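In: sequence plus predicted model, see below.
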Amino acid sequence: MTAHTLPHTLPYVRAASLAGRHFSTVIVGAGINGAGVFRDLSLQGVDCLIVDKGDFAAGASSAPSRMIHGGLRYLESGAFSLVAEATRERNLLLRNAAHLVRPLETVVPLSSRFGGLLGSVLRFAGFSASPGARGLFVVALGLRLYDRLGRRQRVMPGHRIARLMAADGALFRDSVRWTATYFDAWISHPEWLILELLADAHADQSTSVAANYCRVTACRGRALTLRDEITGDSVQVTADTVVNATGAWLDRSAGALQGAGARVMGTKGSHLILEHPALHAALGGRMAYFETSDGRVCIVYPFMDRVLVGSTDIPVDDPDRAATEPAEIDYLLDVLGEVFPRLRFARGDVVYTYVGVRPLAHSDADKPGQISRDHAVVIDPPNAVREVPLVCLVGGKWTTFRSLAELAANQALALLARPRLRSTESLAIGGGADMPADTAARDRLIDGIQSRTGLARARIAVLVGRYGSRADVLARDFARAGDAPLRHAPDYTEAEIRHLCQETGVRRLDDLVIRRTLLAIRGRVGAGLLSELADLAAAALGWTATRRREEWRACAAILRDRHFVDLPADEAAKASVKDAASSTDSISSPITT
């Protein structure tokens, strides 16, 4: 992208450029909560550095159920304040990030009138009880309360309950007699919203910067030692406050930060992405929210042209080693067969899997589902080794990131003796600014971009769906570059991929493939596309032929081993490179746009 079209400079820096710099606040962990704090503090004029040992959004923040929701099931445990907060934050995200967060109609199949009533009463009273299948009465009462708690800033209809329609009778098991329908929301690209928060923060405070693959290895006095995880080089920065926003890694990072431990525990949630046209069509754009025979809550909904299924809830000790096990795949497929007995499901339908580790507050609960999803901010004061206070974010969920970030930012501001200047409550995020609120206004936006760029209307609609109002500037740059479509994924173009490589902090090929685009999660990455993307990334980032081959192998291994993607062995991969647009020897120097 040419510099004159950028709204501001980029926030992304390398560790080497940070040597000797001072920041009012250093934030460790560039997931959704860390990015939220980074954006909030920068809005108040605080100069911040945010770092992550991996890529931005590479942890649990890139692996949610992609739902923005209030947590209907938390009502049984009496977590009214959490549900009220989450539903309100859901409503705010529907306004502030309308390009990425959209309403999601949800259907609950019901088979009995009074099922689960006694268990719900006992759990509400604080007793441990087997859930049992929740019936019409329990769900109706819960949804009425859910609507009431979520009434602030609400933009969606309330719930309704009706007898089973004929079409749904052909979808669900024979015992289902009614359906309850309500609305939550989903997010198409959570990793992109995190990048937008980082960019917005830098626009608000130009001295606030972000570094990925940058691990904190020590905190002594007022100095933090940072190691570049790619080059191995180390530098030091100083700070007045430090925020630990490392989620499920909170206790592990506490060692390097000289903080207290034993605050969080992790449970992993595995998800499947299916290519299943029959189920996709039968769902009709809705999410099905249901209980399994063992009492676990699961979801399934159309995710673009695929179907998303989730999730498991299994305790894990090491979040770095969490992966979807074959038994989890079989379990979720069996659940689908149980709920939709007229359809067939097999491992061949699975085109992608992913797993995230939920950062839950440490608990003695018997079952993972009983652990609170609430959040807290805890201050570790200076000690004999560390001279700066440490602000720790404990727990939390994706939907409530803004309110948790606000709470943490307020604590940091108090420690810095700085005032809050603005609220993030009504502040649009990234391409959500000036995003059209209705179809007619969206059509006018697309028409205007088309008249200025000459790009096809369908292409512009895709860009608006990905980047919101910022599609206008991007489309002009892409049009000037020719906007040639990729051979293996024509809904992306070479100009777009170069932009993502050069302007969004990409350092590894998997950053581009898995987090900057939706190609991987949609099960579209084969050997040919991976080679095409590797060539473009190498040209844009100045990789040598050797580095390009290493990145291909590393990315292919991640997709095979962690995401159930069927990619060939390295020998076959070498053969697939032969049909690439340019040889590896011709991509060792950067291409500028």
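Out: Noted; the coordinates are in hand. Numbering: from 1, shown residues only.

In: which SS class is residue 220?
Out: strand (DSSP: H, G, I helix; E, B strand; the rest coil).

In: and it, what are its bridge partners?
Out: Beta bridges link residue 220 to residue 223, judged by DSSP bridges.

In: check contacts around residue 329.
Out: By CB atoms under 8 Å, 6 or more residues apart in numbering, the contact set of residue 329 is 270, 272, 347, 350, 353, 564. Placement of C-beta: from N, CA and C, glycine included.

In: ok, 10 Å please
Out: Residues near residue 329 by CB atoms under 10 Å, 6 or more residues apart in numbering: 270, 272, 309, 312, 347, 350, 353, 564.

In: who wins for most neighbours among those residues?
Out: Using other CB atoms under 10 Å as the neighbour test, the contacts of residue 329 are led by residue 309, with 28 neighbours.

In: A strand includes that one, no?
Out: Yes. Looking at residue 309 with three-state DSSP, it is inside a strand.

In: contacting residues around it?
Out: For residue 309, the contact set (CB under 10 Å, 6+ apart) comprises 65, 270-274, 276, 279, 288, 298-301, 303, 329, 332-333, 335-336, 345, 349-350, 353.

In: what about the residues you listed, which are in strands?
Out: The members of these that map onto strands under DSSP state E are 270-274, 288, 298-301, 303, 350, 353.

In: and which of these is nearest to residue 146?
Out: For the ones in strands among the contacts of residue 309, the closest approach to residue 146 (CB to CB) belongs to residue 299, at 15.6 Å.

In: wait, isn't the closest one in contact with residue 64?
Out: No. In this structure, residue 299 is not within contact of residue 64 by CB atoms under 10 Å, at 11.3 Å.

In: where does the spatially closest residue to residue 19 that is not a sequence neighbour sit: helix, strand or coil?
Out: Distance criterion CB to CB, 6 or more residues apart in numbering; nearest residue to residue 19, sequence neighbours excluded, is residue 235 at 3.9 Å. Secondary structure for residue 235, judged by three-state DSSP, is strand.

In: what's the spacing between residue 235 and residue 346?
Out: Going from residue 235 to residue 346 by CB to CB, to the nearest Å gives 51 Å.

In: more neighbours: which of the two?
Out: Comparing residue 235 with residue 346 by neighbour count (other CB under 10 Å), the higher total belongs to residue 235, at 19 against 10.

In: residues in contact with that one?
Out: With CB under 10 Å, 6+ apart, residue 235 has these contacts: 14-21, 211, 214, 224-228.

In: for PyMOL, write the select line for the buried members of the contacts of residue 309.
Out: To isolate the buried ones among the contacts of residue 309 in PyMOL, judged by 16 or more other CB atoms under 10 Å, type:
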select buried, resi 65+270+271+272+273+274+276+279+288+298+299+300+301+303+329+332+333+335+336+345+349+350+353
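
In: returning to that earlier point: pull up the overlap in contacts between residue 299 and residue 64.
Out: When contacts are counted by CB under 10 Å, 6+ apart, residue 299 and residue 64 have 186, 271, 310, 311 as shared neighbours.

In: per-residue pLDDT of the first one, please?
Out: In other words, residue 186. In this prediction, residue 186 carries a pLDDT score of 97.

In: what's the spacing between it and residue 94?
Out: 10 Å.

In: again, but for the last one
Out: Shown here: residue 311 relative to residue 94, a distance of 23 Å by CB to CB.

In: ok so, going back, of all the contacts of residue 329, which comes closest to residue 516?
Out: residue 353 (19.7 Å).

In: residue contacts, that closest one?
Out: For residue 353, the contacting residues are 270-273, 309, 323-326, 328-329, 332, 521, 562-565, by CB under 10 Å, 6+ apart.

In: quick revisit: lowest-confidence one in the ones in strands among the contacts of residue 309?
Out: Least confident entry in those, by pLDDT: residue 298, with 91.

In: wait, what's in contact with that one?
Out: Contact analysis of residue 298 by CB under 10 Å, 6+ apart lists 65, 288-292, 309-313, 331-332, 335-336, 338-339.

In: how about residue 229?
Out: Applying CB under 10 Å, 6+ apart, one finds that residue 229 lies in contact with 15, 52, 53, 54, 212, 213, 214, 215, 507, 508.

In: try 8 Å this time
Out: With CB under 8 Å, 6+ apart, residue 229 has these contacts: 53, 54, 213, 214, 215.

In: same question for residue 173.
Out: Taking CB under 8 Å, 6+ apart, we find residue 173 in contact with 109, 111, 338, 339, 340, 341.

In: look up how far residue 295 lies from the last one.
Out: Distance, residue 341 to residue 295, by CB to CB: 19 Å.

In: thinking again about what came up before, so residue 311 and residue 94 - more neighbours on which side?
Out: Neighbour count, other CB under 10 Å: between residue 311 and residue 94, residue 311 has more, with 26 against 21.

In: for the spatially closest residue to that one that is not a sequence neighbour, give me the pLDDT.
Out: Using CB to CB, 6+ apart and skipping the chain neighbours, the partner closest in space to residue 311 is residue 269 (3.8 Å). Note on residue 269: pLDDT of 91.

In: before we move on, what about residue 114?
Out: Residue 114 is assigned 57 on the pLDDT scale.

In: for residue 364, same thing?
Out: Per-residue pLDDT puts residue 364 at 55.

In: swap in residue 291?
Out: Residue 291 is given a pLDDT of 83.

In: who's it bridged to?
Out: Under the criterion used (DSSP bridges), residue 291 bridges to residue 297.

In: mind checking the SS state of the residue lying closest to residue 169 once chain neighbours are set aside?
Out: Nearest residue to residue 169 in three dimensions, chain neighbours excluded: residue 176, at 7.6 Å (CB to CB, 6+ apart). Following three-state DSSP, residue 176 is assigned to coil.

In: give the contact list for residue 176.
Out: Listed by CB under 8 Å, 6+ apart, the contact partners of residue 176 are 109, 110, 111, 164, 168, 169.

In: model confidence for it, exactly?
Out: With respect to pLDDT, residue 176 scores 92.

In: what does the helix or strand where residue 413 lies rub up against?
Out: Here residue 413 sits within helix 401-416, counting by DSSP states H and E. The contact list for helix 401-416, computed with CB under 8 Å, 6+ apart, reads 24-25, 32-33, 35-37, 39-41, 44, 46, 85, 89, 92-93, 240-241, 243, 245, 375, 377, 379, 389, 391, 393, 396, 419-420, 423-425.

In: rerun at 7 Å
Out: If you take CB atoms under 7 Å, 6 or more residues apart in numbering as the criterion, helix 401-416 is touched by 24-25, 32-33, 36-37, 40-41, 44, 46, 85, 89, 92, 240-241, 243, 375, 377, 379, 389, 391, 393, 396, 419-420, 424.

In: what about the nearest residue to residue 142 once chain neighbours are set aside, which SS state?
Out: In space, and not counting its chain neighbours, residue 142 is closest to residue 75: 5.2 Å by CB to CB, 6+ apart. Look at residue 75: counting by three-state DSSP, its state is helix.

In: quick one, what contacts residue 75?
Out: Residue 75 makes contacts with 83, 142, 145, 146, as judged by CB under 7 Å, 6+ apart.

In: the longest helix along the chain - what's its average pLDDT?
Out: Longest helix in the chain, counting residues (DSSP state H): helix 545-563. Average pLDDT, helix 545-563: 95.

In: give me the distance between residue 187 and residue 286.
Out: Distance of residue 187 to residue 286, computed by CB to CB: 17 Å.

In: more neighbours: these two, which one.
Out: A direct count of neighbours by other CB under 10 Å for residue 187 and residue 286 places residue 187 higher, at 21 against 18.

In: please tell me how far that one sits from residue 570.
Out: 35 Å.

In: what does residue 362 give?
Out: To residue 570, residue 362 is 42 Å away according to CB to CB.

In: who has more neighbours, these two?
Out: More crowded of residue 362 and residue 570, by other CB under 10 Å: residue 362, with 15 against 12.
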